[in-house]
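**Q** sequence? don't have it. structure:
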């Protein structure tokens, strides 16, 4: 049986490692973790302002990897991880301070009419 193209028509077999023109070769190692799920959770539940840079960095990891920018992908992965950790820490500090203020110091007005 003759090899086929992606559309099912007979064609020449592609050599191993074939890449379409203009694409950088994809490295054999897997891409670095993009921390996208953690960045989304940190943005929604912890600290929105610090979560936005985490999301931007996390979404650029795979794009840079596919372009062949391995160092840029690793740098974006590191930035995504650091911003995600920062968002979680800021969220924990904020929510802990708020809970102590409400339940220990008696900031009853912040709760409204519960």
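**A** It's in. Small disclaimer: the values here were computed from a predicted structure and weren't measured.
**Q** which helix is the longest one in the chain?
**A** Secondary structure of the chain read by DSSP state H shows that its longest helix is helix 70-103.
**Q** tell me what that helix is packed against?
**A** helix 36-45, helix 48-67 (3 or more CB pairs under 8 Å, 6 or more residues apart in numbering; DSSP states H and E). C-beta coordinates here come from the backbone N, C-alpha and C atoms, glycine included.
**Q** of those, which approaches residue 104 most closely?
**A** Comparing the helices and strands packed on helix 70-103 by their distance to residue 104 (CB to CB), the top pick is helix 36-45, with 22.7 Å.
**Q** mind listing what's buried in the closest one?
**A** Of the residues in helix 36-45, those scored as buried under the neighbour-count criterion (16 or more other CB atoms under 10 Å) are 36, 38, 39, 42, 43.
**Q** ok so, going back, and the helices and strands packed on helix 70-103 as JSON lines, adding distance to residue 73?
**A** Compiled in JSON lines, these are given as follows (distance: least, CB to CB, whole Å):
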{"stretch": "helix 36-45", "distance to residue 73": "13"}
{"stretch": "helix 48-67", "distance to residue 73": "4"}
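**Q** which residues of this structure score low on pLDDT?
**A** For the chain, the stretches flagged by pLDDT under 70 are 1-28, 107-114.
**Q** repeat that for 90
**A** Counting by pLDDT under 90, the chain contains low-confidence ranges at 1-31, 46-50, 65-69, 98-114.
**Q** any idea how far residue 91 is from residue 45?
**A** Using CB to CB, to the nearest Å, one obtains 7 Å as the distance from residue 91 to residue 45.
**Q** residue 53 now?
**A** From residue 53 across to residue 45, the span is 16 Å (CB to CB).
**Q** what do you get for residue 33?
**A** From residue 33 to residue 45 the distance is 20 Å (CB to CB).
**Q** out of everything not next to it in sequence, what's closest to residue 91?
**A** Distance criterion CB to CB, 6 or more residues apart in numbering; nearest residue to residue 91, sequence neighbours excluded, is residue 46 at 2.5 Å.
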